[in-house]
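Visitor: For reference, the sequence and a predicted model appear below.
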Amino acid sequence: MINIGRRKLIAGAAATGGMLALGGCKPRLSNLLTSADTHVRDYPTVQAVERFGKLLEERTGGRLGLKIYSGGQLGNERDTLEITTFGGLDFNRVNLAPLNSIEPTTRVPSLPFLFESTEHMRTSLDSEIGDEILATLERHGLIGLCFYDSGARSFYNTRGPITSPEDMRGLKLRVPGSDLYVAMVKALGADAVPMPLDEVYQSLSQGVIDGAENNWPSFDIGRHYEVARYYSLTRHLLAPEAFVMSKISWDKLSAEDQAVVRQSAKDSVPYLRTLWDAQVEKSMKVIEDAGVEVNEVDPAPFAEMMTDMWADFIDTAEQQDLVDRILAMRKGTS
């Protein structure tokens, strides 16, 4: 649980509406809402939330605005997510990992090798399937607004190329704090080490861990490639990230403003995807120019071992129905 000191800090920052400003002071709007993100200001998710804030301000004639605390200023995702549930923060962009322990339905889009491509993931979550998953968060004090891309996640490490599951045996790999991620890595014979993202670089440098798994932009922007010189393209996950609002804050809005918030969030998704695709290309070039050894991997043996664990996390009829419907949307499947 988050300590009382951190709670007071975040709640106080939210109440001041941005005294810890990222880029200088601006005139306070009539209702300046707050949002948190662990990524740096120029990361695609942060820019997408900024776009959301601009739409919110435009569509309410300046009655509502947004102040973003990026770069983990207010703590890791578990900390800020808890703060969001009791209204100390209004919005939060989070990985699905901390949501997995709160709402089991969010495990569905977190399953390894569920989505066969970025197109499949986007089509699935743009449908009523995505809305149904987001709606389950309300019973936990959160309003699920939209899904943002988080790219294809692959393994990187300091020891050597991974070409088969056998190469992973004994590796100590960082994972987000989620039982599903831990099980996923253990299924391949590696040791899972739950750890906040901001601790990965130092842990790689000091040999606390041998590697991790993440997308191209995080591997690049977190500078993990400086110490983990092998990136093996398993593409085992295409799990999205979520943009959520505190239900306490939501309930304070009029029905009209709630509609504006929801639509503005949806309208920020295409913007995010354009930024995301461009950032992936940019990060791939950075990593290639840095001389990192990148290798393609036959995903079949990885998928065989990792999909066996689905049954351990899909334990309700609702979850299974969502899985079946997503699988039915794969290309060439009717």
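Guide: Arrived safely.

Visitor: How is the protein partitioned into domains?
Guide: 4-149+240-283, 153-238+290-328 (automatic domain parsing).

Visitor: Worst mean pLDDT among those?
Guide: Ranked by mean pLDDT, these bottom out at domain 4-149+240-283, with a mean of 89.

Visitor: so can I have a markdown table of the domains of the chain showing mean neighbour count?
Guide: (Glycine included, C-beta is placed from N, CA and C.) A markdown table is the format used below for these (neighbours: other Cβ atoms under 10 Å):
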| stretch | mean neighbour count |
| --- | --- |
| domain 4-149+240-283 | 19 |
| domain 153-238+290-328 | 18 |
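
Visitor: Which parts of the stretch 51-200 of the chain are helices?
Guide: Using DSSP state H, counting those that start in this stretch, the helices of the stretch 51-200 of the chain run over 77-85, 96-100, 118-126, 128-135, 179-186, 200-206.

Visitor: So which of those helices is nearest Phe313?
Guide: helix 179-186 (5.4 Å; Cβ to Cβ).

Visitor: to the chain's geometric centre, what's the distance from the closest one?
Guide: 16 Å (Cα atoms, centre = their mean, to the nearest Å).

Visitor: show me where the stretch 101-250 of the chain has strands.
Guide: 142-148, 153-157, 172-175, 191-194, 211-214, 230-237, 241-246 (DSSP state E, counting those that start in this stretch).

Visitor: got the CA coordinates for the third one in PDB?
Guide: Just to be clear, that refers to strand 172-175. Output in PDB follows, covering the C-alpha atoms of strand 172-175 (Å, rounded to 0.1, in the frame of the first residue of the first chain):
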ATOM      1  CA  LYS A 172      16.300 -13.300 -14.200                       C
ATOM      2  CA  LEU A 173      13.800 -11.100 -16.100                       C
ATOM      3  CA  ARG A 174      12.000  -8.000 -14.900                       C
ATOM      4  CA  VAL A 175       8.200  -8.100 -15.300                       C
END
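
Visitor: returning to what we had before: the helices of the stretch 51-200 of the chain: which one's closest to Cys146?
Guide: Among the helices of the stretch 51-200 of the chain, helix 128-135 sits nearest to Cys146 (Cβ to Cβ), with 7.4 Å.

Visitor: which helices and strands does the helix or strand that contains Thr34 pack with?
Guide: Element membership of Thr34, judged by DSSP states H and E, is strand 31-36. Under the contact criterion of 3 or more Cβ pairs under 8 Å, 6 or more residues apart in numbering; DSSP states H and E, strand 31-36 touches helix 44-59, strand 64-69, helix 77-85, strand 91-95.

Visitor: and Gln279, what does it touch?
Guide: Shown in contact with Gln279 (Cβ atoms under 8 Å, 6 or more residues apart in numbering): 43-44, 216-217.
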